[in-house]
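K.L.:
Here is a sequence with its predicted model. Questions after.
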Amino acid sequence: MKQLMPERNTGRLGKTMEGAEVFPIQQITGPGKQDARDIVASERPLKIMLNRRELITLLCTPLELEHLVIGFLFSEGWLNSKEALKEITVDKRQGIARVESQADASASDTLTHDSANLPEEAASRFSLPASRISALVKRFQHQSRLFRASGGTHSAALCDEKNILAFSEDIGRYNAIDKVVGKCILDDIPTSRHLLITSGRVSSRVVAKTARMNIPVLVSRCAPTDRSVELAAGSGITLIGFARGDKMNIYSGGWRIVTRRTRHLTDKGG
């Protein structure tokens, strides 16, 4: 349980860190009840306007909003490249992001979440040791500052074999991934021989976003859905769930993961 501090005020108490607020609460411990305060993750609406057309309103943690907007537009098919982006302005107070691009705002090539194609480069014979994945997941957990404080956010990270290259947190698991996607696009971070780590359940939508970014390995501490397993296998993605400690379940593309006992695991289904 999080450490809570005694507090007798009422109402919002202010910020302790960006992306969170402090609120007074009552905590029950055994037979008693006491006044305390707790850190709560922030939630704000963000309206995305693409070429002056209202596209969607996201509920998100108000951090890295430019990355979120670019990542969402790319991973959902509204943008195909960094070069297609003309201008982006984010009004944090009003919760509006305005994007001008070369894309046609009346249509999207959004991936259906029933199919995705991993490009040949990402589907190459890239492999890595299971011990490296375990080490990266451990570092990933320690880097989740907002989650450790509030318990109310998801995290996502792009990693190479040794380091976390891009990391983001948000109240939404898709938002956290999109923030990482946006960071990779704007900072020209390559993805084809890397892995994506997410704290949340893996749906087919998460797999589709991973495929669109040419990422060959997707790792989660949680469970996948049946459709995500089928989509990952058909897309050439190595899908790993329940990555905790030195244990993990490989649902597809097991040949990429090297262990001490065998050079390569064989995935007969993928």
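P.N.:
Alright, I've got the coordinates. Numbers count the residues shown, from 1 in each chain.
K.L.:
Hmm, Ala243 and Ile250 touching each other?
P.N.:
No: judged on CB atoms under 8 Å, Ile250 makes no contact with Ala243 at a distance of 9.7 Å. Yep, even glycine has a C-beta here, placed from its N, CA and C like the rest.
K.L.:
Let me know the pLDDT of the residue nearest the centre of the chain.
P.N.:
Geometric centre of the chain, nearest residue: Ile177, 2.4 Å, by CA atoms, centre = their mean. You'll see Ile177 listed with a pLDDT of 98.
K.L.:
ok but it is inside a strand, no?
P.N.:
No: in this structure, Ile177 is helix, not part of a strand, as judged by DSSP: H, G, I helix; E, B strand; the rest coil.
K.L.:
Please identify the helix or strand for the residue lying closest to it once chain neighbours are set aside.
P.N.:
Leaving aside its sequence neighbours, Ile177 sits nearest to Ala156 (CB to CB, 6 or more residues apart in numbering; 4.5 Å). Per DSSP states H and E: Ala156 is located in strand 154-159.
K.L.:
circling back: mind listing what the residue nearest to Ile177 touches?
P.N.:
Residues in contact with Ala156 (CB atoms under 8 Å, 6 or more residues apart in numbering) are Phe167, Ser168, Arg173, Ala176, Ile177, Lys179, Val180, Leu196, Ile197, Thr198, Ser199.
K.L.:
export the residues you listed to CSV and tack on distance to Ile28 and secondary structure?
P.N.:
CSV is the format used below for these (distance: CB to CB, whole Å; DSSP: H, G, I helix; E, B strand; the rest coil):
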residue, distance to Ile28, secondary structure
Phe167, 35, strand
Ser168, 34, strand
Arg173, 30, helix
Ala176, 31, helix
Ile177, 36, helix
Lys179, 35, helix
Val180, 38, helix
Leu196, 39, strand
Ile197, 35, strand
Thr198, 33, strand
Ser199, 28, coil
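K.L.:
Redo the residues you listed as TSV? Include distance to Pro129.
P.N.:
Converted to TSV, the contacts of Ala156 look like this (distance: CB to CB, whole Å):
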residue	distance to Pro129
Phe167	21
Ser168	26
Arg173	27
Ala176	26
Ile177	24
Lys179	28
Val180	23
Leu196	17
Ile197	15
Thr198	20
Ser199	22
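K.L.:
just checking, what packs against the helix or strand containing Leu231?
P.N.:
Taking DSSP H and E as the definition, Leu231 sits inside helix 226-235. Using 3 or more CB pairs under 8 Å, 6 or more residues apart in numbering; DSSP states H and E, the elements in contact with helix 226-235 are helix 204-212, strand 238-244, strand 247-252.
K.L.:
helices or strands up against the first one?
P.N.:
Just to be clear, that refers to helix 204-212. Using 3+ CB pairs under 8 Å, 6+ apart, helix 204-212 sits against helix 65-75, helix 173-186, strand 217-220, helix 226-235.
K.L.:
likewise the last one?
P.N.:
Taking 3+ CB pairs under 8 Å, 6+ apart as contact, the helices and strands that strand 247-252 lies on are helix 130-142, helix 226-235, strand 238-244.
K.L.:
Go through the shortest one and flag the buried ones.
P.N.:
So the one you mean is strand 238-244. Neighbour-count burial for strand 238-244, counted by 16 or more other CB atoms under 10 Å, picks out Thr238, Leu239, Ile240, Gly241, Ala243.
K.L.:
for the first one, same thing?
P.N.:
By 16+ other CB under 10 Å, the buried positions in helix 130-142 come out as Ala130, Arg132, Ile133, Ser134, Leu136, Val137, Arg139, Phe140.
K.L.:
surely the first one meets Ile257?
P.N.:
Looking back up the chat, that one is Ala130. Yes: using CB under 8 Å, Ala130 is in contact with Ile257, at 5.2 Å.
K.L.:
Given the strand holding Ala156, what are its sheet partners and their directions?
P.N.:
Strand pairing for strand 154-159, using DSSP bridges, gives strand 164-170 (antiparallel), strand 195-198 (antiparallel).
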